[in-house]
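Novice: show me the folded form of this:
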Amino acid sequence: MFSLAIRQTARRSSAIRSFSDASHRPPISLYGLQARYANATYTASSKAGNLDKVEGELLALQQTAKTNTTFSSFLENPLIGRDEKIKQVTALLGNKTTSTTLNLMTTLAGNARLNELDKIVNNFSELMKAKRGIVEATIISAEPLNKSQTDAVQKAMKNQVGEGKQVMLATKVDPSILGGLQVQIGDQFLDLSVASKIDSISRIPV
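Specialist: Predicted structure coming up:
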């Protein structure tokens, strides 16, 4: 009886851990070197309950790298040894960021990957947008869309992505498409431009 109770408790604990781990997984699948760091950071900060704070810290570091040439040069410089970079990162961020952000930065320093910070932060931002139900869409038109056209496109996009999601719409102008629209939703691309139709016609054998 006692051993059976222990096994049942162990199974329950395993199931709870499995559910807990699943609840901290990134909301979408991203692949590649930078994505691995972003995914690990997302999981760690989710477990720590500080996703928003870590996001803010990473965005601040990204912005600093874009505006501060000294910091940018430090991230990019391959002549600074790994141990020295870890030491400098720890001195710079040790008492100013969460342990999750510090761990990411020291890991990047130790792996000589600090120069990948910008792309890693972009990947992390993608994960956070997915968590919030934000879907990015880009509409390319030959001429600028007016407000009623933009509103109509936004409504169509919202119907496309489904309930509970928010469309973050960006518009671009490209006269070379001649007319119609090109639509990018996530990793999906739809070409409804006049240029593409002309190209299709030109490929028809006669």
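
Novice: so in that sheet, which strands flank the helix or strand Phe189 falls within, and in what orientation?
Specialist: Secondary structure assignment for Phe189, by DSSP states H and E: strand 188-193. Paired with strand 188-193 in the same sheet, following DSSP bridges, are strand 180-185 (antiparallel).

Novice: outside of the strand it pairs with, which residues touch it?
Specialist: Strand 180-185 is touched from outside by 135-142, 153, 157, 160-161, 174, 189-197, with contacts defined as C-beta atoms under 8 Å, 6 or more residues apart in numbering. To be clear about C-beta, it is placed using only N, CA and C from the backbone, and glycine gets the same treatment.

Novice: how about 10 Å then?
Specialist: With C-beta atoms under 10 Å, 6 or more residues apart in numbering as the test, strand 180-185 has contacts from 135-142, 145, 149, 153, 156-157, 160-161, 167, 169-172, 174, 189-197.

Novice: and Asn122, what does it touch?
Specialist: Asn122 neighbours (C-beta under 10 Å, 6+ apart): 34-35, 38, 58, 62.

Novice: farthest-separated two in these?
Specialist: Within these, Ala35 and Gln62 form the most distant pair, 15.9 Å apart (C-beta to C-beta).

Novice: neighbour count for the two, which is higher?
Specialist: For Ala35 versus Gln62, neighbours defined as other C-beta atoms under 10 Å are more numerous around Ala35 (21 against 18).

Novice: in space, what's closest to the more buried one - neighbours in sequence excluded?
Specialist: Excluding the flanking residues, the one nearest Ala35 by C-beta to C-beta, 6 or more residues apart in numbering is Asn123, at 5.0 Å.

Novice: contacting residues around the one you found?
Specialist: 26, 30-39, 41-42, 116.

Novice: out of those, which comes closest to Gly179?
Specialist: Taking these together and measuring to Gly179 by C-beta to C-beta, the closest member is Leu30, at 34.7 Å.

Novice: just to revisit the earlier point, buried subset of the contacts of Asn123?
Specialist: Buried by 16 or more other C-beta atoms under 10 Å: 26, 30, 34-35, 37-39, 41-42, 116, out of the contacts of Asn123.

Novice: where are the low-confidence patches of the protein?
Specialist: The chain contains residues with pLDDT under 70 at 1-21, 161-162, 186-187, 194, 196-206.

Novice: ranges for the helices of it?
Specialist: For the chain, the helices defined by DSSP state H occupy 2-23, 33-48, 51-67, 69-76, 82-93, 99-110, 117-131, 147-161, 194-202.

Novice: many thanks, we can stop here.
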